[in-house]
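> here is my input; please provide its structure:
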Amino acid sequence: MSYPPAWRIDHSDAAPQLMREHPFAHLFTAHSVLGATRIPFVTDIEDGAPFRLRGHLNAQNPQAEGLDGADVLIVFSGYSTYVSPNWRIEPTRGGTYDYEEVRVRGAARIRTDIQYFRKLIDDLSALIEPQYAEVGDYPVWNTSIAPEGYVERLFPMVASFEIKIDSVEMISKLHQQFPDADRKSIADHLSRSKREGARAIAEKIRKSIQA
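As a prediction, the model looks like this:
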């Protein structure tokens, strides 16, 4: 699918930032069944660019069968919001959604070593738990805190894998095709919303106008 050039974000830090802030992504496969599962991913960075994803599935998930060597698509969804025609200066065009997402394509490889799985779980915890630090003053959970034998019992029930990244595409649809007056009006309306995603998109629209 082709998108307007204005929606494509090419600067190197934007995609990794979204992937780290929103690690709970959709894994799409078509090797055995056409399937989709939402799971958290660790994004490994090299020279400022994502080069590998790491994750795991329930071993009974149909997507796990034949996953080794399969081509996959992973979609990281950032903030999104509905935009009403009433919020533009001239409400002559229909409503739509503004959003950000990152699409990653690559080939999966199953990993069968337990140390890989242990590090994956520790890295996921280190990535995600600090995002919820306001809930309470707790240490970041890791497998060393788990009861003895817990990881060993869990390991046969999961399919750990890594994805060598072939391409990364970031889409940032922020009403770029509309006049700045419309965009400012939309941002003003969204900033009054009770929805976090709407307020976040409002701020992104304002920043893109300034840029």
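> just the pLDDT for the closest residue to Gly94 other than its chain neighbours.
Distance criterion C-beta to C-beta, 6 or more residues apart in numbering; nearest residue to Gly94, sequence neighbours excluded, is Pro85 at 6.0 Å. Heads up, the C-betas are built off the backbone N, CA and C, glycines and all. At Pro85, the model reports a pLDDT of 97.
> is it correct that Pro85 is in contact with Thr92?
Yes: Pro85 is in contact with Thr92 according to C-beta atoms under 8 Å; the separation is 7.5 Å.
> now do the contacts for the residue nearest to Gly94.
Pro85 makes contacts with 91-95, as judged by C-beta atoms under 8 Å, 6 or more residues apart in numbering.
> with respect to Pro23, which of those is nearest?
Distance to Pro23 across these (C-beta to C-beta) is lowest for Gly95, with 29.7 Å.
> which ones are touching the closest one?
Taking C-beta under 8 Å, 6+ apart, we find Gly95 in contact with 82-85.
> from those residues, keep the buried residues only.
Among the contacts of Gly95, those scoring as buried are 82-83 (criterion: 16 or more other C-beta atoms under 10 Å).
> tell me which of the contacts of Gly95 is nearest to Pro139?
Nearest to Pro139 among the contacts of Gly95, with distances taken as C-beta to C-beta, is Tyr82, at 39.0 Å.
> helix or strand: which one has that closest one?
For Tyr82, the host element (DSSP states H and E) is strand 71-83.
> so which residues make contact with that strand?
Strand 71-83 is contacted from outside by 18-19, 21-23, 25-31, 41, 53, 95-108, 163, 175, 186, 190, 193, 195-198, 200-201, 204, using C-beta under 8 Å, 6+ apart.
> which of these fall in strands?
Secondary structure defined by DSSP state E assigns 25-29, 53, 96-108, 163 of the contacts of strand 71-83 to strands.
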